[in-house]
Each structure stands twice: as C-alpha cells, then as structure tokens.
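>>> Let me see the structure of the following:
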Amino acid sequence: MNNRIKLISDNISKVIIGKDDTIRKVLNALICGGHVLIEDVPGVGKTQLVSALARSVDGKFNRIQMTPDIMPSDIVGFSMLNRSTDSFEYHEGAVMCNFLLADEINRASPKSQSSLLEVMEEFQVTIDGETRKLPEIFMVLATQNPVETYGTYHLPEAQMDRFFMKISMGYPDFSEEIKILEQNENNRQNDIIKPVVCLDDISELRSEAADVFVSDKIKKYIVDIISSTRKNDCLTLGASPRGSISLYKASKAEAFISGRKFVTPDDVKYCAPAVLSHRIILSPKGRSQYRNNTQKALEDILRTVDVPAE
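Purely as a prediction, here's the structure:
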C-alpha cells in the first residue's frame with residue numbers, strides 16, 4: 001500500500017474498527033476527487049468516519065442535517081445587505097469546507113437536494129449571479145437510511161449519478177464490537193486522531209494516481225462491463241458514460257493505493273460494485289431475481305464479461 005495512504009488508513013482505523021474495506025473505498029474516492037453515498041442504518045459510525053478522515057488530513061469538516069425544512073441557502077450560502085456599507089455580502093453555507101457530511105440526504109426536499117448538484121459536479125456555488133469556487137480539496141459524503149422511507153424524498157437518478165461511489169459500512173463482528181465498547185469506555189475517540197498528512201499531500205496523491213498506466217485491454221474490459229449493463233434484460237437502465245469514466249478513475253486509484261503503477265482486471269472488478277451499483281436500475285425481472293440488490297446483479301454481469309489476460 002502507498003505509504004501516505006497507509007498513514008491515513010491506519011489513523012482512521014483507530015476509531016473506525018474493522019472497516020478497512022470501507023476506509024479504502026472512501027480514500028479511493030478522495031484521490032479521484034469524487035463524492036460518496038453511504039447507505040446504512042444509524043449508529044454504525046458514518047459520522048465518525050467522515051470526522052476522522054477530515055482530522056487525518058487536517059481539513060475543515062462541516063455537517064448538515066438534511067431535514068425537510070432545510071433551505072438551499074443553508075447549504076450553498078446567501079447574500080445579505082450590509083446597511084453600513086450599503087452592499088450585499090456573501091454569508092458562507094455548509095459547503096464552504098473540505099469535507100461535507102450531508103446526513104440523511106433523502107430527508108431533504110428535492111429543491112434542497114438539487115442545490116447540491118452544481119456543487120458536486122462543478123465544485124462551485126453561484127449566488128445572485130456571482131460564482132464562487134470551493135476549496136480544491138472538497139468532498140461530499142452523504143448518508144441515507146435504507147430502512148426508513150416515511151418522510152423521505154427519493155434521490156433522482158441525475159443526482160445519484162453524481163456520486164462517485166455508493167458504499168455500506170455494515171455491522172461490526174463480535175470481536176470488533178468488543179473493541180468498540182472498550183474504546184468508548186476509555187472515551188478516547190476525539191483525542192487519538194491527529195493530522196498525519198496535509199491537504200497539499202492529497203493534491204500530490206491525486207497527481208501521482210493520474211499517472212498510473214492503463215492498457216488498451218483494460219480500457220476495453222471497462223467498456224465491455226459498462227456495455228453489458230445496457231444490454232442485460234434484468235436492468236431497465238444501464239450505466240452512463242460518467243459511470244465508465246468513474247470506473248476508469250477508481251481502477252487507477254485502486255492500483256495506486258496497492259502500490260502499483262499499472263491497472264489489473266482485479267482492480268476493475270474490486271471497484272465496479274461500489275462505482276456502478278447506484279447507476280443502474282433493475283427491471284421487474286431483475287427485482288424478482290435479485291431482490292432489489294443491484295450489487296448482486298453487477299456481480300453476475302462481471303462473471304459474464306471476458307477477463308483480459310494480464
């Protein structure tokens with residue numbers, strides 16, 4: 001594993017116990033400049049994960065609880081007249097940070113959800129015709145509860161497609177939960193996470209990951225996977241070209257995290273479920289066959305695509 005990535009991962013693992021795979025995928029998205037949707041039940045450590053990530057890289061962390069009465073201005077900011085200067089002044093919204101946790105994003109109204117679209121795609125906000133750039137290192141990590149549907153607003157496909165990855169943390173196993181109890185008893189969570197890299201290091205990691213080599217065979221393999229999602233009768237909507245670009249970037253980042261300068265088919269297969277599962281929609285046949293689990297559908301699709309020889 002890349003040394004600086006290992007530093008961050010080990011640091012986060014001090015408070016997020018037994019979730020190395022989740023941490024690895026979040027760091028992958030960070031290297032790619034993407035955003036992550038975490039779909040899981042309350043209390044598994046989603047907020048703690050984002051907070052630990054922000055502290056590990058010495059970044060600014062904001063959290064906003066996405067309730068039905070949240071306004072777009074709470075998210076992106078607003079202009080207010082300053083009577084002493086007789087001019088409008090911009091008041092920052094929650095997005096003016098490095099890491100934004102949009103908690104329970106599916107509880108916000110569609111109008112507030114859409115206010116994140118420009119932010120997530122363009123890394124800027126436009127207020128009263130004036131555009132303001134966000135920090136170079138900016139990442140949205142949104143959460144939603146898959147169990148509760150009352151009082152929620154379904155995220156439109158256009159917004160789902162803006163998320164680089166969709167992941168789930170899951171419950172800890174028995175031994176991991178014992179460690180969590182012991183750590184909570186000592187009440188040390190907020191004290192043991194210190195910065196191990198800086199934001200400039202993240203910019204350097206992105207530059208280095210961009211130089212990872214991808215062969216023509218791997219590019220064809222990625223496109224074959226994407227094409228298969230568009231032809232499968234278990235799906236009514238396949239992955240978009242943005243999905244193929246995201247899978248390409250994620251595969252390069254995975255190779256870089258592993259300490260390699262070239263991408264292998266295993267990198268692609270590892271990243272595909274997290275990158276593509278939220279970009280496809282199951283048909284009635286698919287919903288019956290896979291019980292609404294798009295990751296299982298993708299796993300079957302991956303088995304049907306010819307893997308290139310390395």
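
>>> from here on, contacts and neighbour counts on C-alpha atoms
OK.

>>> For residue 4, give me its contacts.
Residues in contact with residue 4 (CA atoms under 8 Å, 6 or more residues apart in numbering) are residue 197.

>>> Give me the secondary structure label for it.
helix (DSSP: H, G, I helix; E, B strand; the rest coil).

>>> quick one: contacts of stretch 54-61?
By CA under 8 Å, 6+ apart, stretch 54-61 touches 8, 11-12, 50-51, 97-101, 193-199, 202.

>>> Out of these, which end up buried?
Among the contacts of stretch 54-61, those buried by neighbour count (16 or more other CA atoms under 10 Å) are 8, 11-12, 50-51, 97-101, 193-197, 199, 202.

>>> the helices in the stretch 151-300 of the chain, which residues?
157-160, 174-186, 189-192, 199-210, 216-231, 241-257, 265-276, 284-290, 294-304 (DSSP state H, counting those that start in this stretch).

>>> sorry, back to before: show me the buried ones among the contacts of stretch 54-61 that map onto strands.
When the buried ones among the contacts of stretch 54-61 are checked against strands (DSSP state E), the matches are 99, 100, 101.

>>> Can you pull out the low-pLDDT segments for the chain?
186-191, 310 (pLDDT under 70).

>>> who does the residue nearest the centre of it bridge with?
Among the residues of the chain, the one closest to the centroid is residue 36, at 1.3 Å (CA atoms, centre = their mean). Beta-bridge pairing for residue 36 (DSSP bridges): residue 141, residue 165.

>>> can you tell me how far it sits from residue 296?
20 Å (CA to CA, to the nearest Å).

>>> Also residue 302?
Taking CA to CA, one finds residue 302 at 10 Å from residue 296.

>>> Looking at the two now, which is surrounded by more residues?
residue 302 (20 against 15; other CA atoms under 10 Å).

>>> residues contacting the more buried one?
225, 269.

>>> same deal with residue 125?
Per CA under 8 Å, 6+ apart, neighbours of residue 125: 76, 118, 119, 131, 132, 133, 134.

>>> helix, strand or coil for it?
strand.
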